[in-house]
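S.K.: The following comprises the amino acid sequence and a computationally predicted model.
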Amino acid sequence: MRLSLLGVNEMKSKILFIAACFLFASGCASKGAETVKYDNGLTAVFLYNQESLAASVNVFVRAGAIDEKPSQAGLSHFLEHLMFKGSKNYPGDALSRNTENLGGYINAMTSKDFTRYYINIQKDGVPETIKMLADAMQNPLFPQEEIDKESKVVIEEIKIHLDNPVSVLYDKFCDMIYEKSAMKNSVIGRAEVIANVSRDEIYEYYSSHYVPEKMLVIIAGNFDVKKAQKLVAQTFGKFEKKAPPAEPNLIEPVHPSKNYVKKSDVEVSYMVNAFLGPDDSSDDMFAGDIASIILGGSKSSRLNMVLKEEKQLVYSIGSASVSSKGTGVFYIYSVFDAKNMDAIKTEVRKQIEKIIADGVTDEELNRAKIAVKTGWSFSQEKPSDIAHERGYWAVIGKPDYPDVYLSKIESVTSDDVKNFFTKYYLPDAVTNTALIPEKTK
């Protein structure tokens, strides 16, 4: 999981997804997009482009940290480590060996709200790759010796995570900004859970969440579409239909401000100032994207120009509006000398209140929109990236996001940006989380 304190990939995620869908909807006969829904609840998306040099076969499972109880903290991530450790028809390391023999690359990642398994491969390897991933998802063996081995690996990852001050700050930030939402759960989990979990508990978690209705198969790039669709129907389409578990609560009510400052073994100070944003049902997220660029999303942004260039209060500063399933978050992140912390908070508030009072200029608005379009133009077109972004937006319930995104961005006005901060920026509900050097007085 690409787990980032700064969350700067959020806008890139949207841009990549939009670019991908524009590419596949171009009307050219060698390119296209098809979505198939199977009777067992599974969805498959075929994004074919015969001009591509490769393909990417992906399985997204809507199972992540948000689905875990405290006694299961880290099981989604642990399961990711185990799923490629042998299956009924591909025991041992056969999955990895077969992938290498086909000239491919196999990997996986875990996030708060999904787990992704993928194999990047050349065109002729797609049929075997579909079979391998289907068998891994349906018939994992979970050998006890692999559980014992991987538990040590994961526990070591947890130790490294806890030794990283920025990772600790991110976890604390999530714990404070979310009181009710399961988004507060940490992806890395807890070492005591991983050390003591049994094979039966692992299998129970797997069988509960790895059900067709929570799975999304995405194949992107150059491949034989008819053959791929037939194989997906014969494999993933035959998985037993099961009722998925109840969805976790991801709506966070507004709550009073919280402040957390911890002395740590760091050379400089780090801080996140955040407030709750729109939920996934609101069009306010489009204004939020533009607002984040104008406030702190570029070198010409207000926060960068005032706090870094003019007043030299920070080494770096930025902002991001993060849309997710449930309640989103808007946050400002900064790196600075501890003595400037209060001045930074004051100046951030001043800049936001200035937008609330006066709005933004046409120049700022147009520059932010151009930033989105430029990012779109320069976005990557690798099948793996396209599949990842398509899967991400499908997982959070917006599979048709690109159909409206650019037009919605283009329609954002100065008043929309002003109203965004008026509606969501509540000074008494801003969460502040900081790490400062231990030597600080």
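M.R.: It's in.

S.K.: the strands in the chain, which residues?
M.R.: Taking DSSP state E, the strands of the chain run over residues 31-37, 43-49, 55-61, 105-110, 115-121, 215-221, 258-264, 269-279, 316-322, 327-336, 431-437.

S.K.: Could you tell me how far residue 204 is located from residue 426?
M.R.: Here residue 204 is placed at a distance of 42 Å from residue 426 (C-beta to C-beta, to the nearest Å). Heads up, the C-betas are built off the backbone N, CA and C, glycines and all.

S.K.: picking that back up, out of the strands of the chain, nearest to residue 363?
M.R.: Closest approach to residue 363 among the strands of the chain (C-beta to C-beta): strand 316-322, 18.5 Å.

S.K.: Quick one: mean pLDDT over that closest one.
M.R.: The predicted model assigns strand 316-322 a mean pLDDT of 95.

S.K.: Could you list the residues in contact with that strand?
M.R.: 6-8, 10-11, 277, 285, 288-289, 291-292, 295-297, 301, 303-304, 307-308, 328-336, 344 (C-beta atoms under 8 Å, 6 or more residues apart in numbering).

S.K.: Which among those count as buried?
M.R.: 7, 10-11, 277, 285, 288-289, 291-292, 295-297, 301, 303-304, 307-308, 328-336, 344 (16 or more other C-beta atoms under 10 Å).

S.K.: about what we covered before: among the strands of the chain, which is nearest residue 159?
M.R.: Smallest distance to residue 159 across the strands of the chain (C-beta to C-beta): 16.0 Å, for strand 258-264.

S.K.: The closest one: partners in the sheet, and parallel or antiparallel?
M.R.: Its sheet considered, strand 258-264 pairs with strand 431-437 (parallel) by DSSP bridges.

S.K.: centre of the chain versus the partner strand, how much separation?
M.R.: Centroid displacement of strand 431-437 relative to its chain, using C-alpha atoms, centre = their mean, to the nearest Å, is 23 Å.

S.K.: Give me the buried positions along that strand.
M.R.: 431, 432, 433, 434, 435, 436.

S.K.: relative to strand 327-336, how tilted is it?
M.R.: For strand 431-437 against strand 327-336, the angle by axes from the mean of the first three to the mean of the last three C-alpha atoms, to 10 degrees is 30 degrees.

S.K.: hmm, who's touching strand 431-437?
M.R.: Residues outside strand 431-437 that contact it (C-beta under 8 Å, 6+ apart) are 165-166, 168-169, 172-173, 176-177, 257-275, 338, 341, 345.

S.K.: 6 Å instead, please
M.R.: Here strand 431-437 makes contact (C-beta atoms under 6 Å, 6 or more residues apart in numbering) with 165, 169, 172-173, 176-177, 258-264, 266, 269-274, 338.

S.K.: the inter-axis angle of that strand versus strand 269-279?
M.R.: 160 degrees.

S.K.: hmm, back to that, when you filter the contacts of strand 431-437 down to buried only, what's left?
M.R.: For those, buried by 16+ other C-beta under 10 Å: 165, 169, 172-173, 176-177, 258, 260, 264, 266, 269-274, 338.

S.K.: Helices along the stretch 201-350 of the chain, start to end?
M.R.: 225-234, 284-296, 302-303, 341-358 (DSSP state H, counting those that start in this stretch).

S.K.: roughly how far out does the longest one sit from the chain middle?
M.R.: Distance of helix 341-358 from its chain centroid, counting by C-alpha atoms, centre = their mean, is 29 Å.

S.K.: show me what contacts the nearest residue to residue 440 once chain neighbours are set aside?
M.R.: Excluding the flanking residues, the one nearest residue 440 by C-beta to C-beta, 6 or more residues apart in numbering is residue 338, at 4.3 Å. Residue 338 makes contact with 269, 436, 440 under the criterion C-beta under 6 Å, 6+ apart.

S.K.: swap the cut-off to 10 Å and go again
M.R.: Contacts for residue 338 (C-beta atoms under 10 Å, 6 or more residues apart in numbering) come out as 261, 263, 266, 268-269, 271, 434-437, 439-441.

S.K.: Now do the contacts for the residue lying closest to residue 293 once chain neighbours are set aside.
M.R.: Once flanking residues are discounted, residue 293 sits nearest to residue 368: 4.0 Å by C-beta to C-beta, 6+ apart. Residues near residue 368 by C-beta under 10 Å, 6+ apart: 289-295, 297-298, 300-301, 360, 409, 412, 417.
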